[in-house]
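Enquirer: sharing a model that was predicted from the sequence below.
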Amino acid sequence: MLARASLSVTPLDLAGAAVAAELHRVWQAAYAMEAQWLGLRDVPPLRLDVDGLRSSGYRFLGARLHGQLLGALAVEDRRSDAERAARADVQVAALVVDPVHHGEGIARELIAEFQRTV
């Protein structure tokens, strides 16, 4: 498991091509592994390209270690300003971790940051 101090969880800005491509790489790796575990050749998230991630309407939190993106959490937030002020519920749309880094506490840190910041 990674030390908490070494992992940084921050919002991802998909306006930058490099960040969007990095997220897409982790997204594809995670969902390809899930499809394999389920014995499927395809799952709908694998059909999303970089532009699809950008236009998804999700906000993304990313977990980085030494600058490398290891995981991300997609937040679906359709709240109005009034609901946001009241801290109404939001939905975690997706949680992905690079399969190379499964079991290192990355998902736990993403969920903890989500809970702190929503």
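Expert: Okay, I see it.

Enquirer: next, the buried residues of the helix ranked longest in the chain.
Expert: Looking across the chain with DSSP state H, the single longest helix is helix 17-38. Neighbour-count burial for helix 17-38, with 16 or more other Cβ atoms under 10 Å as criterion, is recorded at Ala20, Glu22, Leu23, His24, Val26, Trp27, Ala29, Ala30, Tyr31, Met33. Glycine gets a C-beta too; all of them are placed from N, C-alpha and C.

Enquirer: next one: stretch 9-17
Expert: Buried residues in stretch 9-17 (16+ other Cβ under 10 Å): Val9, Leu12, Leu14.

Enquirer: narrow the residues you listed to those in helices?
Expert: Going by DSSP H, the helices hold none of these.

Enquirer: any weak-confidence spans in the chain?
Expert: 1-5, 79-88 (pLDDT under 70).

Enquirer: helices of that one, start to end?
Expert: 17-38, 50-54, 81-85, 106-117.

Enquirer: report all helices and strands that the last one contacts.
Expert: With contacts defined as 3 or more Cβ pairs under 8 Å, 6 or more residues apart in numbering; DSSP states H and E, the secondary structure elements packing on helix 106-117 are strand 7-12, strand 59-65, strand 68-76, strand 91-97.

Enquirer: okay, it in PDB with CA atoms only?
Expert: C-alpha atoms of helix 106-117 as PDB (Å, rounded to 0.1, in the frame of the first residue of the first chain):
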ATOM      1  CA  ILE A 106      -5.400   4.300  -4.600                       C
ATOM      2  CA  ALA A 107      -9.200   3.800  -4.800                       C
ATOM      3  CA  ARG A 108      -9.400   4.300  -1.000                       C
ATOM      4  CA  GLU A 109      -7.600   7.600  -1.300                       C
ATOM      5  CA  LEU A 110      -9.800   8.700  -4.200                       C
ATOM      6  CA  ILE A 111     -13.000   7.900  -2.300                       C
ATOM      7  CA  ALA A 112     -11.700   9.700   0.800                       C
ATOM      8  CA  GLU A 113     -10.900  12.900  -1.200                       C
ATOM      9  CA  PHE A 114     -14.400  12.700  -2.800                       C
ATOM     10  CA  GLN A 115     -16.000  12.500   0.600                       C
ATOM     11  CA  ARG A 116     -13.900  15.400   1.900                       C
ATOM     12  CA  THR A 117     -14.600  17.700  -1.000                       C
END
